[in-house]
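Student: just a sequence and a predicted model for now, questions to come.
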Amino acid sequence: MRYLDTEIRLMEERDLDKVLEIENLCFINPWKEKDMLYEMKENPLSNLWVIELSNDSLGLKTICGFCDYWQTFDSGTICQIAVHPDLQGYKLGSQMLEEILKDAKAKKIRTLTLEVRVSNKKAIGLYKKFGFNFSHVKEGYYSDGEDALYMIWEDK
């Protein structure tokens with residue numbers, strides 16, 4: 001019997017509807033279609049990927065998450081990592097973060113930064129697991145007034 005496999009690949013325009021669905025399920029202030037299209041087609045700093053589950057024997061494929069990080073010279077910023085709520089807890093976010101770090105090291109990126117809601121304990125735990133360290137709090141960072149933790153990863 002063959003089980004589900006995952007593949008992380010560059011996002012394509014045909015993925016947009018599914019990515020926007022996940023975006024709307026995962027974020028309080030989701031990006032709009034125009035924002036995603038900009039990231040995918042116009043932003044030269046962006047690395048926008050999807051993670052796709054597949055079962056080759058059944059011919060099934062479905063996008064279950066996405067990630068976006070920007071590279072500026074030898075530093076980067078993780079903008080988003082999102083997994084469909086029904087599939088959270090299956091290490092898909094870990095797979096995407098692992099891929100970001102692998103790509104960052106290959107591109108000689110020395111530091112990655114990100115902001116995460118102080119209430120998002122799962123994400124904070126994930127980032128800590130992969131070597132991100134707390135730097136400081138950005139008070140009232142989000143439009144609803146919630147603070148953000150600013151975290152940094154450094155390649156050693």
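Tutor: Thanks, I have the structure now.

Student: the longest strand anywhere in the chain: what's the following helix or strand?
Tutor: Counting residues, the longest strand found in the chain (DSSP state E) is strand 60-72. Using DSSP states H and E, the next helix or strand after strand 60-72 towards the C-terminus is strand 75-83.

Student: which other helices and strands contact that following strand?
Tutor: The contact analysis (3 or more CB pairs under 8 Å, 6 or more residues apart in numbering; DSSP states H and E) places strand 75-83 against helix 16-26, strand 60-72, helix 92-106, strand 111-117. Bear in mind the C-beta positions are built from the backbone N, C-alpha and C, glycine included.

Student: in its sheet, which strands sit next to that strand, and in what direction?
Tutor: Applying DSSP bridges to the sheet, strand 75-83 is found paired with strand 60-72 (antiparallel), strand 111-117 (parallel).

Student: now find how far off-centre the helix or strand that the shortest one is followed by is within its chain.
Tutor: Under the assignment DSSP H and E, the closest C-terminal helix or strand after strand 111-117 is helix 121-129. What separates the centre of helix 121-129 from the centre of its chain is 13 Å, taken as CA atoms, centre = their mean, to the nearest Å.

Student: hmm, who's touching helix 121-129?
Tutor: Contacts of helix 121-129 with the rest of the structure, by CB atoms under 8 Å, 6 or more residues apart in numbering, involve I81, Q88, G93, S94, L97, L114, V116, R117, L149, M151, W153.

Student: okay, the residue nearest to the spatial centre of the chain and N55: tell me how far apart.
Tutor: For the chain, I81 is the residue whose C-alpha lies nearest the centre (CA atoms, centre = their mean; 2.0 Å). Using CB to CB, to the nearest Å, one gets 24 Å for the distance from I81 to N55.
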